[in-house]
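Chemist: how would this look folded up:
(one chain, ligands or ions: 2)
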Amino acid sequence: MQIYRSLHPDHAKTLDTEGLRKNFLVQGLFQPGTLQMAYSHEDRMILLGAMPLAPLTLPAETKPLTGTDFLLQRRELGLINIGGPGRVTADGVAYDIGTEEALYLGAGTREVMFESLTETPAQFYGNSAPAHKSLPAKKITQAMASPVSLGAQETNNQRVIYRFLHPNVVETCQLLMGLTRLAQGSNWNTMPPHTHDRRCETYLYFDMDPATVVFHFMGEPQETRHLVMKNGDAAISPPWSVHAGCGTGRYTFIWCMAGENQVFEDMDMIAPGSLL
Ligand SMILES: O=C[C@H](O)[C@@H](O)CC(=O)C(=O)O
Ligand SMILES: [Zn+2]
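Modeler: Ligands and ions are numbered 1, 2, ... in the order given. You can find the predicted model right below:
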């Protein structure tokens, strides 16, 4: 499993392409028949990809990584299925999770199994963060995900934000998680951009043709850098970093935050004209 250390922005701005990719880009989460994880020290966020051909389970032994007896002993997990219909069984309770539906699992959940229900494998994308209390599991459909429309066609950023893990929808300790879908022809996400020094964030880009790339912008607002992202790649955005992207073709992305508060609107907006 890849471990991502936290970087000071003064260090990050000195990195070349390889250094930026090594420290902020997560690749290979979705591999047929496997469960993959990456651990970031930004708010101790874990990124997970499970693509079951036969049933897959969370690793039973996570001692050196978490110091706990099992992965979710003191952690919560948010999952969104970006593949075919699937099933998650958590401590014996089965949840059927369709394409672009979500599941929240609270701290204390010991056994988690992932299965595909059709020929098209399910692809569960997960984010996990430390949790201070155990909260009930909940399945969240797209209809429950309090969608917000942002942007406009004229500014190439028309999009709908589905907020699956949000205080109005499900109680969580830290996690806020959702999916943003762009209107056809709109290619900018999160523009105008923002930072939130109180929370880190991850972006998973998917639903892309193999030839499409997304230029994901990161860095302090006056020291922007970019990562070139392909289908299934994720980016880690430290609290000091902007996170916005522009695609050469269709893409959708899943964002997830953990940190100090859960006010979705708590963002420090940046005028595009002040970016450097
Ligand atoms: O802090 C919030 C996150 O960056 C995303 O919700 C932003 C986003 O999906 C968008 O504007 O397209
Ligand atoms: Zn953000």
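Chemist: dump the residue contacts of G28.
Modeler: With contact set as C-beta atoms under 8 Å, 6 or more residues apart in numbering, G28 has these partners: Q36, G49, G232. Where you see a C-beta, it was placed from the backbone N, CA and C, and this is true even at glycine.
Chemist: meant to ask about L58, not that
Modeler: The contact partners of L58, by C-beta under 8 Å, 6+ apart, come to L35, F70, L71, L72, E111, V112.
Chemist: Show me which residues of the stretch 1-150 of the chain are close to ligand 1?
Modeler: The stretch 1-150 of the chain has residues L150 near ligand 1, with proximity defined as C-beta under 6 Å from any ligand atom.
Chemist: where along the stretch 1-150 of the chain do the strands fall?
Modeler: Under the criterion DSSP state E, counting those that start in this stretch, the stretch 1-150 of the chain contains strands at 2-4, 25-26, 35-40, 46-50, 56-57, 75-81, 86-90, 93-97, 102-105, 112-116, 124-130, 138-140, 148-150.
Chemist: could I get these as JSON lines with mean neighbour count?
Modeler: Shown next, in JSON lines, are the strands of the stretch 1-150 of the chain (neighbours: other C-beta atoms under 10 Å):
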{"stretch": "strand 2-4", "mean neighbour count": "14"}
{"stretch": "strand 25-26", "mean neighbour count": "21"}
{"stretch": "strand 35-40", "mean neighbour count": "20"}
{"stretch": "strand 46-50", "mean neighbour count": "24"}
{"stretch": "strand 56-57", "mean neighbour count": "16"}
{"stretch": "strand 75-81", "mean neighbour count": "27"}
{"stretch": "strand 86-90", "mean neighbour count": "21"}
{"stretch": "strand 93-97", "mean neighbour count": "15"}
{"stretch": "strand 102-105", "mean neighbour count": "26"}
{"stretch": "strand 112-116", "mean neighbour count": "22"}
{"stretch": "strand 124-130", "mean neighbour count": "26"}
{"stretch": "strand 138-140", "mean neighbour count": "20"}
{"stretch": "strand 148-150", "mean neighbour count": "12"}
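Chemist: Mind putting the ones you listed into CSV with distance to R250?
Modeler: Putting those into CSV (distance: least, C-beta to C-beta, whole Å) gives the following:
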stretch, distance to R250
strand 2-4, 28
strand 25-26, 21
strand 35-40, 24
strand 46-50, 20
strand 56-57, 28
strand 75-81, 18
strand 86-90, 23
strand 93-97, 23
strand 102-105, 22
strand 112-116, 24
strand 124-130, 18
strand 138-140, 24
strand 148-150, 18
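Chemist: What's the local residue count around A107?
Modeler: Around A107 there are 19 other residues, counting by other C-beta atoms under 10 Å.
Chemist: Check L117 too.
Modeler: L117 has 15 nearby residues by other C-beta under 10 Å.
Chemist: picking up where we left off before, quick one: which of the contacts of G28 is nearest P59?
Modeler: Within the contacts of G28, the smallest distance to P59 is 10.6 Å, found for Q36 (C-beta to C-beta).
Chemist: That closest one: what's it in contact with?
Modeler: M1, G28, L29, F30, L48, G49, A50.
Chemist: Kindly reformat those as TSV containing pLDDT.
Modeler: Output for the contacts of Q36, formatted as TSV (pLDDT from 0 to 100):
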residue	pLDDT
M1	87
G28	98
L29	98
F30	98
L48	98
G49	98
A50	98
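Chemist: Of those residues, which is the nearest to V263?
Modeler: Nearest to V263 among these, with distances taken as C-beta to C-beta, is L48, at 25.5 Å.
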